[in-house]
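J.: Following is a predicted model, sequence given first.
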Amino acid sequence: MTRVLLLWLAVALQTAPVEHATVVARDGDLSAPLFTLERTLTTADGQTVADVRFVDPAGQVACRERVTYVSGAVVRAELEQHQVDEQYSMTVSGVDALFEVVRDGRRSQIRRDWTPDTLTIDQLPSFVTSQWDRLVGGADVSFRLVALDRARIVRFTLKHQGVTRHLDHPAVMLRMQASSLFVRWLAPEIDLVFSPDGRTMLESRGPLPVKVRQGDDWVDLDARLVWSR
């Protein structure tokens, strides 16, 4: 298990230094973007930082996520939700993950267990690549995923759903589902679309950390995120 984890962590840090994606409605197309995304990967002083920014049509940064790696392992994750002026962070130390939430001017902390099979969302594409043969062979793959804006770590199961099409090209669909039935009632399923060889994530369909207006309120966005590959 340790050798597998080291493999996909190494792959995670070999992605392109700058990547772009477009966020559209679940039933929308790329001509009507809700947000654009830019992911930048930088390495300095022994740390590698993945910096993801969601930008609205007016050019404002609506949301920013950062994951910091040392020797391929996650040491810190941060989320700045500018739309509702909230901040979330997680600091990993050994088998302990300390979450800190700043909301409505109040700061709170909570500790969670950190295990070797725990992922941040930034690591998910490379993890899928490392598990590709198992997935297409019909095996269910279980892992724990950090839900930073909930200050929780949730166990998910990943399943192969079959062949699909992505922008008129062959692709493969996977589905993420919370392992707990109780959590499943609250957490929507997440669909991931990959290239046929499993090396490239092309699209995701599910919840994102940005929000949209619904009347006077900000509500969570369930949308398509399409990468520019």
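T.: Structure's in. What do you need?

J.: Contacts only, for Trp218.
T.: When contacts are counted by Cβ atoms under 8 Å, 6 or more residues apart in numbering, Trp218 is found next to 83-84, 211-212. The way it works is simple: take the backbone N, C-alpha and C, and place the C-beta from them, glycine included.

J.: In strands only, show me those residues.
T.: In strands, defined here by DSSP state E, the members of the contacts of Trp218 are 211-212.

J.: Farthest-apart pair in the contacts of Trp218, please.
T.: Spatially, the most separated pair among these is Val84 and Val212, at 11.6 Å (Cβ to Cβ).

J.: Show me which of the two is the more surrounded one.
T.: Val212 (18 against 13; other Cβ atoms under 10 Å).

J.: Would you agree Pro125 falls within a helix?
T.: Yes. Remark: Pro125 belongs to a helix, assigned using DSSP: H, G, I helix; E, B strand; the rest coil.

J.: pLDDT at it, what is it?
T.: Residue-level confidence at Pro125 comes out at 95, pLDDT.

J.: Distance of it relative to Arg150?
T.: Distance from Pro125 to Arg150, counting by Cβ to Cβ, to the nearest Å: 21 Å.

J.: for Gln109, same thing?
T.: In this structure, Gln109 and Arg150 are 14 Å apart, going by Cβ to Cβ.

J.: These two: which is more packed in?
T.: A count of neighbours by other Cβ under 10 Å puts Arg150 above the other of Gln109 and Arg150, at 13 against 10.

J.: In the protein, which residue is most central in space?
T.: Residue closest to the mean C-alpha point of the chain, counted by Cα atoms, centre = their mean, is Ile121 at 2.6 Å.

J.: quick one: contacts for that residue?
T.: 65, 145-146.

J.: Try it again at 10 Å.
T.: Residues counted as contacts of Ile121 (Cβ atoms under 10 Å, 6 or more residues apart in numbering) are 52, 65, 67, 77, 145-148, 190, 204, 208-209.

J.: State the distance from it to Pro57.
T.: Distance, Ile121 to Pro57, using Cβ to Cβ: 23 Å.

J.: Kindly report the same for Val212.
T.: Between Val212 and Pro57 the distance is 12 Å, computed by Cβ to Cβ.

J.: residue ranges with poor pLDDT in this protein?
T.: In the predicted model, the chain carries pLDDT under 70 at residues 1-16, 181-187.

J.: rerun at 80
T.: In the predicted model, the chain carries pLDDT under 80 at residues 1-16, 28, 180-188.

J.: so how far is stretch 48-66 from its chain's centroid?
T.: On the basis of Cα atoms, centre = their mean, to the nearest Å, the separation between the geometric centre of stretch 48-66 and that of its chain is 13 Å.

J.: Go ahead and confirm Val136 touches Pro196.
T.: Yes. Look at Val136 against Pro196 with Cβ atoms under 10 Å: they come within range, at 9.4 Å.

J.: How many residues are close by Arg213?
T.: Arg213 is surrounded by 9 other residues when neighbours are defined as other Cβ under 10 Å.

J.: ok, now Gln81?
T.: One way to gauge burial is a neighbour count; for Gln81, by other Cβ under 10 Å, it gives 22.
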